[in-house]
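Participant: fold the following and give me the result.
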Amino acid sequence: MIGIDRYVAVSKPHTYRHLASVKWSVAILTGLWTAAVVTFVAPILFKRDFVYYKYRNAVKMCGMHWEYPAYCVITGMYIPVASGCVLVYTVLRIRAALARGRDTLRMRCNRRVFNILVAASLTYFACWGPYVILVIVTAITSLRPPEWLSFCSAWLANANSFVNVFVYSASSPAFRRGLRELGVYPRHGLRPNLSETVLGSDNNDGNFVDRNGKCSTAV
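Facilitator: As a prediction, this is how the structure comes out:
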């Protein structure tokens, strides 16, 4: 559901602000909880004593118990990959339009969004790739990885959300401006207007898509 929300934000950056209403947020949250409940309950229907998490000394935390490796890999990896393929197709389609000379103001704003999207996608695969590969190899072969490798791959995957903050900060001046506002305004009892720090920035300038769907320069 988050992937669908991001897809709409990327493919329709000028209208996303109007779509992102309370009803839209409720629909996203409802979809997230529905998907979570369905994927959680599904294994229990086939095995009553199914165990999801077990403490593993190698990684120093409770992790997924890979009793159904294929199920966990499909829900945790291939569904996001399928979503990523749709986003990549969208990126290539609009970049092809840019190459044909339709580099309008909207296209330039979209290109900034795509740069952030590509960076976040590459980070996701870099963080989760080693862990998923290790799980698949362990499931289909008799090989057992050393504890240090299991530890590093598991914590690298868990670090994905944390690393995303640095990815967005490095690629979006508007995102950095929003972070500064979150830190400055509460101390003065003011409320920052973060609606104008959404999406459209690149690494070289402070342009962003404002509430009217125009590219503007951040202060």
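
Participant: which sections of this protein are below the confidence cut-off?
Facilitator: Within the chain, the ranges that satisfy pLDDT under 70 run 1-7, 9-14, 20, 51-77, 94-95, 97-112, 175, 183-219.

Participant: longest helix in it, by number of residues?
Facilitator: For the chain, the longest helix by residue count, based on DSSP state H, is helix 105-140.

Participant: mind listing what's buried along the helix or strand just after it?
Facilitator: Counting by DSSP states H and E, the next helix or strand C-terminal to helix 105-140 is helix 147-158. For helix 147-158, a neighbour-count test (16 or more other CB atoms under 10 Å) marks 150-154, 156-157 as buried. Every C-beta, even on glycine, is put in place using the N, C-alpha and C of the backbone.

Participant: which parts of the protein are strands?
Facilitator: Under the criterion DSSP state E, the chain contains strands at 53-56, 61-64, 207-209, 215-217.

Participant: now render the buried residues of helix 147-158 as CSV, adding distance to residue 170.
Facilitator: Listed next are these as CSV, based on distance: CB to CB, whole Å:
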residue, distance to residue 170
150, 29
151, 27
152, 23
153, 24
154, 25
156, 19
157, 21
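
Participant: for those residues, which one is nearest residue 17?
Facilitator: For these, the minimum distance to residue 17 (CB to CB) is 32.6 Å, reached by residue 157.

Participant: my read: that closest one touches residue 133, true?
Facilitator: No: Residue 157 lies out of contact with residue 133 (CB atoms under 8 Å); the separation is 11.0 Å.

Participant: okay, now stretch 150-168: how far is its last residue from its first?
Facilitator: Taking CA to CA, to the nearest Å, the first and last residues of stretch 150-168 lie 28 Å apart.

Participant: should've said stretch 8-18
Facilitator: End-to-end span of stretch 8-18 (CA to CA): 11 Å.
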